[in-house]
Structure formats: structure tokens, C-alpha cells
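> compute the structure for the input listed below.
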Amino acid sequence: MCGRYTLIRLADVLEKFPWIEHAPPDLVPRYNIAPTQPLLAIANDHPNEFTHFYWGLVPSWAKDISVGHKMINARAETLPEKPSYRTALRRRRCLILADGFYEWQVDPATAHKSRPKKQPMWIRMKDHKPFAFAGLWEHWHDHQGAGNELRSCTVITTSPNELMRPIHDRMPAIVPPELYKDWLSKDEREPDELMAMLGPYPADQMEATPVSTFVNSPKNEGPGCVEGMTKGTLW
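Numbers count the residues shown, from 1 in each chain. The predicted structure follows:
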């Protein structure tokens, strides 16, 4: 599962995605991006610009947007069969920009308890540069005739790499930079050629660091979310 992540190093975003000329003027560092909040992405219908999506996929057939609360993640292995995802996989793909994500590791000493202690871990690239989750997006119209519209997305997850395996049994599917433009192709693609892009990212390029439990609440925002277990902020 991927339920919380960061996008802090905004100065590095345009460097990482050089074919996009301008970042939105209202961007601010985000330390605790959570489901149902807006997130920054690049969609394959406009692959040369940044866009904002609602986090939680709302299929076009949904009666209201509440279904998105349950569709923040999509398992890579079942995308071609799931009615909510299979057409989006072929036609509506996106890159979701991040520079870290959180996962909560169970303390082995308390694993036997009904409510074990969990340590939040901040997982990043070793160079601390931004990267991109594989995502799918949808365009929803209000079926009640109120004229409301919403562009929403889901983060694809895959099996864990060696770094993530002791922490959690899933991880976000991170698209390698050399495959960005393939993933963002406007053409309809066959699932088999897309699934090859959704494996676990190489563990030797990533690191995991324990951070403060301040991040546990999605209401909390700011540098306190990434303070380490020792004094100081992890940059």
C-alpha cells in the first residue's frame, strides 16, 4: 500500500522532468500528502505539462466521488482484469511526482499484540531526488446533472523489493526515468507491454529512514513529519 508521501524538493522537479517547461505557480513543499488531497502529476493526455489530480480514483460510472476513498491504490498484478482499472491501464496513465513515501513498520517486539507499535519509515532515492509513481487516471462527471467534474487518480502498487520487504508486503510501482515517455504514451497500449514497467524498483538505489510519529496523522504537515529519530531534519 502507498497511503502517504512527500514532494518537498521542488527546485529539483523541473530538472527531473526537463521536457516540462513550467511548474504551477502555486506549488508549495508537501510533507504529508494523503488520500483525497490534490497531488501533482503528468497525465498522458497532456504529457508536456503538470496537472493536479484528486487522490482516489473515481470511475466514470460512479454515482459520486466517495468511491475514490477505497481506490487510492491499484495492485499491478490485477489491473488487466479489474473493471475499474483495465480501460484506464490501456488509455489513461500518469506519472505521480514524489520524492519520498511513508510506510509503517511493525515493531517485532510488539507484533503479537492486538495493537502493535509501528515505526513510520520514510523511503527515498539515495540521491534524494524526485521520482514518479505509476498511476492511472479518470475523468468523472456528476450523473445528477449538477455539472460537477473531477479528474482523479490511483497509485499502482507492486511486490516489495529487498529494502521494502521487512517493512511492508507492497510498495508503489516506481517508473524508471528511461520509461517515462513510454508510460505517458497517448496511444492505446496492450497490458502485457505495460506490466513490464511495473516491477519493484531496484533496492540498491533506495534508502529507508525512521522518522517522527508526527507524520502518523494526515492532518499534520510541515518539516516535523520528516524529523529523524535523532535530533535534526533529514535532508
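
> how far does the worst-scoring helix or strand of the chain on mean pLDDT sit from its chain's centre?
In the chain, no helix or strand scores lower on mean pLDDT, DSSP states H and E than helix 13-16, which sits at a mean of 88. A distance of 17 Å separates the centroid of the chain from that of helix 13-16, by Cα atoms, centre = their mean, to the nearest Å.

> ditto for stretch 131-141
The answer for stretch 131-141 is 9 Å, by Cα atoms, centre = their mean.

> what mean pLDDT does that stretch get?
Averaged over stretch 131-141, pLDDT sits at 95.

> next: stretch 82-100.
For stretch 82-100, mean pLDDT rounds to 95.

> stretch 31-44 now?
96.

> any idea how far apart the tips of it sit?
For stretch 31-44, the first and last residues are 26 Å from each other (Cα to Cα, to the nearest Å).

> and if you look at stretch 189-208?
Start-to-end, stretch 189-208 (Cα to Cα) is 34 Å.

> hmm, who's touching that stretch?
With Cβ atoms under 8 Å, 6 or more residues apart in numbering as the test, stretch 189-208 has contacts from 76, 79-80, 86, 89-90, 93, 121-126, 134, 156, 158-164, 167, 171, 173-176, 179, 182-183. Heads up, the C-betas are built off the backbone N, CA and C, glycines and all.

> switch to 7 Å and redo it
For stretch 189-208, the external contacting residues (Cβ atoms under 7 Å, 6 or more residues apart in numbering) are 76, 79-80, 89-90, 121, 123-126, 134, 156, 158-163, 167, 171, 173-175, 179, 182-183.

> in PyMOL, how would I select the buried members of those?
Buried residues among these (16 or more other Cβ atoms under 10 Å), as a PyMOL selection:
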select buried, resi 76+79+89+90+121+123+124+125+134+156+158+159+160+161+163+167+171+173+174+175+179+183
